[in-house]
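Asker: everything below, folded, please.
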Amino acid sequence: MFGIGNVIKIISILVIVLVIAGGLYYVTELKANLAVAQLNEEKLKDSIAAQNELLESMKQDIQAIQSMNQALLDQDKKHQEEIKNLSDKFNVNAKGEARDFGAIASAKPGLIERLVNRGTVNALRCLEIASGAPLTEKELNAKTTSEINRECPSIANPNYTPTTP
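Answerer: Presented below is the predicted three-dimensional model:
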């Protein structure tokens with residue numbers, strides 16, 4: 001019925017059809033893989049953009065933290081100077097020489113009582129101002145050492161400029 005030539009032709013045609021069908025299947029798979037790869041690439045680009053935005057936000061936060069930290073360090077330095085000045089009020093006289101505050105208090109208790117009372121009133125006023133109380137005209141207009149609040153001149157007398165270092 002079928003001759004060898006016909007069988008070879010049929011087998012050849014079947015092989016060609018199978019090769020074409022396999023090629024079409026392979027190309028279809030490649031297209032599907034390419035579509036998936038393109039979607040993954042878009043997702044990666046989106047996530048990279050989101051991470052870049054986050055990095056920029058973090059950089060801005062770091063700069064803000066560093067500037068606040070520097071401001072706090074500056075304020076701490078100022079406070080340390082004020083603490084030293086307060087300590088010097090008891091341990092150093094006006095000429096910069098060391099003194100014994102206890103001996104002075106024993107010798108002149110009335111004078112020391114008056115000075116401590118005045119210092120206490122000034123310190124309480126400093127706390128009021130630091131808590132938000134408004135400055136008085138007298139405090140704003142203080143120009144000389146005798147007019148200022150000696151406990152906290154930087155906040156109680158903002159217009160006062162010391163004449164000596």
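Asker: tell me which helix or strand the most centrally placed residue in the chain sits in.
Answerer: The residue at the geometric middle of the chain, judged as the C-alpha nearest the mean C-alpha position with C-alpha atoms, centre = their mean, is residue 65 (1.1 Å). With elements delineated by DSSP states H and E, residue 65 resides in helix 4-91, which encompasses its position.
Asker: cool, and residue 120?
Answerer: Counting by DSSP H and E, the element that carries residue 120 is helix 109-130.
Asker: what's the answer for residue 135, then?
Answerer: In this structure, residue 135 sits in neither a helix nor a strand according to DSSP H and E.
Asker: pretty sure it sits against residue 128.
Answerer: No. Residue 135 sits out of contact with residue 128 when judged by C-beta atoms under 8 Å, with a separation of 10.0 Å. The way it works is simple: take the backbone N, C-alpha and C, and place the C-beta from them, glycine included.
Asker: who has more neighbours out of the two?
Answerer: Here residue 135 and residue 128 are compared on neighbour count by other C-beta atoms under 10 Å; more neighbours surround residue 135, at 17 against 12.
Asker: now find how far off-centre the helix holding residue 120 is within its chain.
Answerer: Centroid separation for helix 109-130 versus its chain: 37 Å, with C-alpha atoms, centre = their mean, to the nearest Å.
Asker: can you check stretch 67-80 too?
Answerer: Taking the mean C-alpha point of stretch 67-80 and that of its whole chain, the gap between them comes to 13 Å (C-alpha atoms, centre = their mean).
Asker: and the contacts of that stretch?
Answerer: Where contact means C-beta atoms under 8 Å, 6 or more residues apart in numbering, the residues beyond stretch 67-80 that reach it are residue 154.
Asker: list the buried residues in whichever helix or strand comes after the helix holding residue 120.
Answerer: Using DSSP H and E, the helix or strand that follows helix 109-130 in sequence is helix 137-141. Using 16 or more other C-beta atoms under 10 Å as the burial criterion, the residues of helix 137-141 that qualify are residue 139.
Asker: could you pull out the buried residues of stretch 149-160?
Answerer: Residues of stretch 149-160 classed as buried under the neighbour-count rule (16+ other C-beta under 10 Å) are 149-153, 156-157, 160.
Asker: before we move on, the earlier item: report the angle between the helix holding residue 120 and helix 4-91.
Answerer: 150 degrees (axes from the mean of the first three to the mean of the last three C-alpha atoms, to 10 degrees).
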